[in-house]
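Chemist: Provided below for reference: sequence and predicted model.
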Amino acid sequence: MRRGNNDPRQKHQGKQRQNNQPRRDKRDVHGWVILDKPIGMTSTHAVAVLKRLFQAKRAGHAGTLDPLASGGLPIALGEATKTVPFVMDGRKRYRFTVSWGEERDTDDTEGRATRTSDLRPSADSIRALLPQFTGLIEQIPPQYSAIKVQGERAYDLARDGETVELKPRPVEIHELTLVEHTDSGQSVFEAECGKGTYVRALARDIGRILGCFGHISALRRTLVGPFREADMIPLEQLEALCNRAASGEGSLADALLPVETALDDIPALAVTRADAARLHRGQAVLLRGRDAPNCSGTVYVTVAGRLLALAEIGNGELIPKRVFNLTGLTASSGRNDEKV
């Protein structure tokens, strides 16, 4: 039978010949890559690039980092995607520069100026204000943010010219310090904060109270949950490692951190192989005897030193919530031994 133009196999073969490249099969890859994201790249694009480099079936990131920003973007591959919420709930640390004298609609250098001032703050006036922005505070997100308003993203509405009334939200600033101040109208800060904090909004609000206005002109994330700056890998280094691995001179596993790295603050519980088999089938396990844990709540379960599941302890039972299947490419033994 003659195939018509709508035959999908014919289309695939034509595409393959046109690109002159065979399609690469996806594979199971499990672990975390802490990308040192370059300025100008979106978080979504970064995930797509790493997914391609590792030929991974599944990938996702743990907390958006603006294109303007550089630094830590934790990318979860494979089964690590099941642990993303634990990283997103962790603390984050930023180093950022505020340029005074101009407020912008995006609260960073990419927007247009909406307010200006000839005033420039002193270092003492800035330091005196910082306690107001430390601890549990109310913060209005930027107009250009991913907050949903009646089903649409605030930044999409803002790009269409709409002014959105965003409600204040409670956020926690654990630490906010002025680390450098210049006469040229710029100040460098470091902030450690909880989930949902917008550093751009900090610059906006501090500038308004000081009466000089301000916006972010540089931003770098140096800590995300358990992942520090020392864990970050530049994109160029990952691409070089990929090329070496393709020629048999290395392994992409060297760039991976173990899945359980994201569970650093959660107690671990080792079980027998028999109990592990029950948990793997989704069945609860009775906890009894002298070695039974006396705690409750979430634990991560291991068998023979290998991550098996996330589970809940309650009423004398261990109930599996998320079971991991780590068959495929995982972190190398050297990285497994590292303490993050």
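Modeler: In hand now; what should we look at?
Chemist: going forward, measure contacts and count neighbours with C-alpha atoms only.
Modeler: Will do.
Chemist: would you map the helices across this structure?
Modeler: Remark: helices assigned in the chain by DSSP state H are 8-19, 43-54, 84-88, 123-129, 154-159, 199-210, 235-246, 273-280, 333-337.
Chemist: so where's this protein shaky on pLDDT?
Modeler: Residues of the chain meeting the criterion pLDDT under 70: 1-24, 150, 158, 160, 289-291, 294, 333-340.
Chemist: residue closest to the middle of it?
Modeler: Closest residue to the average C-alpha location of the chain: A62 at 2.7 Å, with CA atoms, centre = their mean.
Chemist: look up how far K92 lies from that one.
Modeler: 11 Å (CA to CA, to the nearest Å).
Chemist: show the contacting residues for the residue nearest to the centre of the chain.
Modeler: 73-76, 84-85, 87-88 (CA atoms under 8 Å, 6 or more residues apart in numbering).
Chemist: burial count for P293?
Modeler: Neighbourhood size, P293 [other CA atoms under 10 Å]: 12.
Chemist: ok, the closest residue to it other than its chain neighbours - how many residues close by?
Modeler: Take P293 and drop its neighbours on the chain: the residue closest to it by CA to CA, 6 or more residues apart in numbering is L287, 7.6 Å away. Applying other CA under 10 Å, we find 17 residues neighbouring L287.
Chemist: give the contact list for L287.
Modeler: By CA under 8 Å, 6+ apart, the residues touching L287 are 293, 316-318.
Chemist: neighbour count and distance to L176 added to the contacts of A62, as CSV?
Modeler: As requested, the contacts of A62 are arranged in CSV below (neighbours: other CA atoms under 10 Å; distance: CA to CA, whole Å):
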residue, neighbour count, distance to L176
L73, 27, 21
P74, 30, 23
I75, 24, 27
A76, 29, 29
V84, 21, 26
P85, 13, 25
V87, 22, 21
M88, 20, 20
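Chemist: report the two of the residues you listed separated the most.
Modeler: The most widely separated members of the contacts of A62, counting by CA to CA, are L73 and P85 (14.0 Å).
Chemist: re the thing from before, compare the contacts of L287 and tell me which is most surrounded.
Modeler: Counting neighbours by other CA under 10 Å, L318 comes out on top of the contacts of L287 with 24 neighbours.
Chemist: these two touch, right, it and L286?
Modeler: Yes - assessed by CA atoms under 8 Å, L318 is found in contact with L286 at 6.3 Å.
Chemist: measure stretch 83-92 end to end?
Modeler: Start-to-end span of stretch 83-92 (CA to CA) is 17 Å.
Chemist: next one: it to chain centre, how far?
Modeler: Taking CA atoms, centre = their mean, to the nearest Å, one finds the center of stretch 83-92 at 8 Å from the center of the full chain.
Chemist: for V299, name its beta-bridge partners.
Modeler: Here V299 sits in beta bridges with A311, as judged by DSSP bridges.
Chemist: which ones are touching it?
Modeler: Contact analysis of V299 by CA under 8 Å, 6+ apart lists 266-269, 310-313.
Chemist: any chance of JSON lines for the residues you listed, columns neighbour count and distance to Y300?
Modeler: Converted to JSON lines, the contacts of V299 look like this (neighbours: other CA under 10 Å; distance: CA to CA, whole Å):
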{"residue": "I266", "neighbour count": "14", "distance to Y300": "7"}
{"residue": "P267", "neighbour count": "12", "distance to Y300": "6"}
{"residue": "A268", "neighbour count": "16", "distance to Y300": "5"}
{"residue": "L269", "neighbour count": "18", "distance to Y300": "6"}
{"residue": "L310", "neighbour count": "25", "distance to Y300": "5"}
{"residue": "A311", "neighbour count": "21", "distance to Y300": "6"}
{"residue": "E312", "neighbour count": "19", "distance to Y300": "9"}
{"residue": "I313", "neighbour count": "20", "distance to Y300": "10"}
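Chemist: specify which member of the residues you listed is nearest to H215.
Modeler: Of the contacts of V299, the one sitting nearest to H215 (CA to CA) turns out to be I266, at 37.4 Å.
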